[in-house]
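Trainee: 3D, please:
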Amino acid sequence: MSDNPWNEEGSENSQHAKDTTAGESQIKADSKLEKAVENAKQDTASKKEWKLIEKLLNGMFVEQRRARRWGIFFKILTFGYLFALMGILLASNDLSTDVTPQAHTAVIEVKGPISADDEASADVIVWALREAFEEENAKAIILRINSPGGSPVQSGYIYDEIKRLRALHPEKPIYAVIADIGASGAYYIAAAADSIYADKASLVGSIGVVAGGFGFVDLMGKVGVERRLYTAGEHKAFLDPFSPSDNAEKQFWQSVLNTTHKQFIEQVKMGRGDRLKDDPKLFSGLVWTGEQAVELGLIDGLGSTSYVAREVIKVEKIVDYMPKPEPWKQIVDELGVSFTKAISSQLGLSQGGVQLR
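Mentor: Numbering: from 1, shown residues only. Down below sits the predicted model:
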């Protein structure tokens, strides 16, 4: 390659000259076409001009045919896509339940925070429990738990429903299997099962009650913010983070927590019975590994969901009883996720590798 600095300038000048020439040629061609059309209107066009007009018309017809073909193609593609979606919907409706006529072990997920607004809500889990207990081919039920806990009310609803259904169907045992974590409200639910299993490294326990918040009274005073709060009822605002705390209200709130904790302990003792070791630390809010939990009587053994189905229940086939979302919602969600991922990738927002949690 030459190092002559004039080469680039010469190349740019040459390209500019070509562009200029092409533009002038197009202007001349358009001018000739306009003149030919005018002459044709006046019936004075030459043979050459008629050929030019004919060439123009043929080009227009070709473009129209091409546009029509593409239009038909895209219509067929659209209808094909719609029919494919309809097929998926019909197939999803046919397969909306995993229940089979064969003997199987029913599995119900208790995953994530336990609250009315999350996946592990009492409404969802109780619905699945009723389906599993009423299904003749479900020989036993496994609660597959992976949850740090949550609402004592939601946990209590599920606990009570397990006990009720178990009494109605004494022939159908129910097991709890803890995966990564089964703590607090999640262990509350597990205690209702006939037996509890976990991995040796699972986190189990945390039988306690917690409530927390922040106080901003001093900060507000430093920045010059005045709190204006109007109530009817002496203690109506006793949990307000912008008002000073009161010792009497602290004691009252502690009594509420103690009462809830006592209810929690009673239910765990009722569920586990004599299997619990007499250790005061059991109800202190501490959490143990699965291996330690066996020694304390919090769980009955070590094993996974498949292990319990295969070795304990003796029915290896597992069927998921969690309610499925509507098929069209699944499709919309998947399309939305795919679109979001594509946009994130184009904008360079998607990150891989190490994550902080």
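Trainee: roughly how far apart are residue 106 and residue 72?
Mentor: According to Cβ to Cβ, to the nearest Å, residue 106 stands 51 Å off from residue 72. For glycine as for every other residue, the C-beta is placed from the backbone atoms N, C-alpha and C.
Trainee: do the same with residue 113
Mentor: Distance from residue 113 to residue 72, by Cβ to Cβ: 52 Å.
Trainee: Same check on residue 210?
Mentor: Distance from residue 210 to residue 72, by Cβ to Cβ: 65 Å.
Trainee: Also residue 219?
Mentor: Residue 219 is 69 Å from residue 72, by Cβ to Cβ.
Trainee: Point out where the stretch 201-350 of the chain drops to low pLDDT.
Mentor: Within the stretch 201-350 of the chain, the stretches with pLDDT under 70 are 325-350.
Trainee: Can you show me the helices along it?
Mentor: 217-223, 247-272, 290-296, 305-307, 327-347 (DSSP state H, counting those that start in this stretch).
Trainee: In terms of residue numbering, what are the domains of the chain?
Mentor: Domains of the chain are assigned by automatic domain parsing as 20-94, 104-323.
Trainee: Reformat those as TSV; add mean neighbour count.
Mentor: Output for the domains of the chain, formatted as TSV (neighbours: other Cβ atoms under 10 Å):
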stretch	mean neighbour count
domain 20-94	11
domain 104-323	17
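Trainee: Need phi/psi at residue 143.
Mentor: Dihedral angles of residue 143 (phi, psi; degrees, to the nearest 10) stand at phi -90, psi 110.
Trainee: Report the beta-bridge partners for it.
Mentor: Counting by DSSP bridges, residue 143 is bridged to residue 108, residue 176.
Trainee: Surely it and residue 173 touch.
Mentor: No. Residue 143 is beyond contact range of residue 173, at 11.5 Å (criterion: Cβ atoms under 8 Å).
Trainee: elements contacting the one helix or strand residue 164 maps to?
Mentor: Secondary structure from DSSP states H and E places residue 164 in helix 152-168. Packed against helix 152-168, as judged by 3 or more Cβ pairs under 8 Å, 6 or more residues apart in numbering; DSSP states H and E, are the following elements: helix 122-134, helix 185-190, helix 247-272.
Trainee: Could you point out which of those sits nearest residue 205?
Mentor: helix 185-190 (6.0 Å; Cβ to Cβ).
Trainee: what's next to the closest one, contact-wise?
Mentor: 110, 114, 125, 143, 145, 147-152, 154-156, 158-159, 162, 176, 178, 182, 196, 204-207, 264, 267-268, 298 (Cβ atoms under 8 Å, 6 or more residues apart in numbering).
Trainee: Can I get that helix in PDB? Just the C-alpha atoms.
Mentor: C-alpha atoms of helix 185-190 as PDB (Å, rounded to 0.1, in the frame of the first residue of the first chain):
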ATOM      1  CA  GLY A 185     -43.600 -19.400  57.800                       C
ATOM      2  CA  ALA A 186     -42.400 -22.000  55.400                       C
ATOM      3  CA  TYR A 187     -41.400 -24.300  58.300                       C
ATOM      4  CA  TYR A 188     -44.800 -23.500  59.900                       C
ATOM      5  CA  ILE A 189     -46.400 -25.100  56.800                       C
ATOM      6  CA  ALA A 190     -43.900 -28.000  56.700                       C
END
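Trainee: hey, where'd the helices end up in the stretch 1-150 of the chain?
Mentor: 6-41, 47-94, 122-134.
Trainee: Lowest average pLDDT across those helices?
Mentor: Between the helices of the stretch 1-150 of the chain, the lowest average pLDDT goes to helix 6-41, which shows a mean of 57.
Trainee: Residue 157 reaches residue 124, doesn't it?
Mentor: No. Residue 157 is beyond contact range of residue 124, at 11.1 Å (criterion: Cβ under 8 Å).
Trainee: check contacts around the closest residue to residue 166 other than its chain neighbours.
Mentor: Computed as Cβ to Cβ, 6 or more residues apart in numbering, the closest residue to residue 166 that is not its neighbour in sequence is residue 174, at 6.2 Å. Listed by Cβ under 8 Å, 6+ apart, the contact set of residue 174 reads 140, 141, 142, 143, 162, 166, 192, 193, 194.
Trainee: and if we set it to 7 Å?
Mentor: Residues near residue 174 by Cβ atoms under 7 Å, 6 or more residues apart in numbering: 140, 141, 143, 162, 166, 193, 194.
Trainee: Return the residues in contact with the third one.
Mentor: Contact criterion Cβ under 7 Å, 6+ apart gives 108, 110, 174, 176, 189, 190, 193 as the residues in contact with residue 143.
Trainee: What pLDDT does the model give the last one?
Mentor: What it means is residue 193. In this model, residue 193 carries a pLDDT of 96.
Trainee: The fifth one too?
Mentor: Confidence per residue is given as pLDDT, and for residue 189 that number is 96.
Trainee: What distance do you get for the spatially closest residue to it that is not a sequence neighbour to residue 205?
Mentor: Leaving out its chain neighbours, the residue that sits closest to residue 189 by Cβ to Cβ, 6+ apart is residue 158, at 5.0 Å. Distance of residue 158 to residue 205, given as Cβ to Cβ: 18 Å.
Trainee: same deal with residue 175?
Mentor: According to Cβ to Cβ, residue 175 stands 18 Å off from residue 205.
Trainee: got the contact list for the residue nearest to residue 162 when sequence neighbours are not counted?
Mentor: Of all residues not flanking residue 162 in the chain, residue 192 sits nearest, at 4.0 Å (Cβ to Cβ, 6+ apart). With contact taken as Cβ under 7 Å, 6+ apart, residue 192 is in contact with 159, 162, 163, 271.
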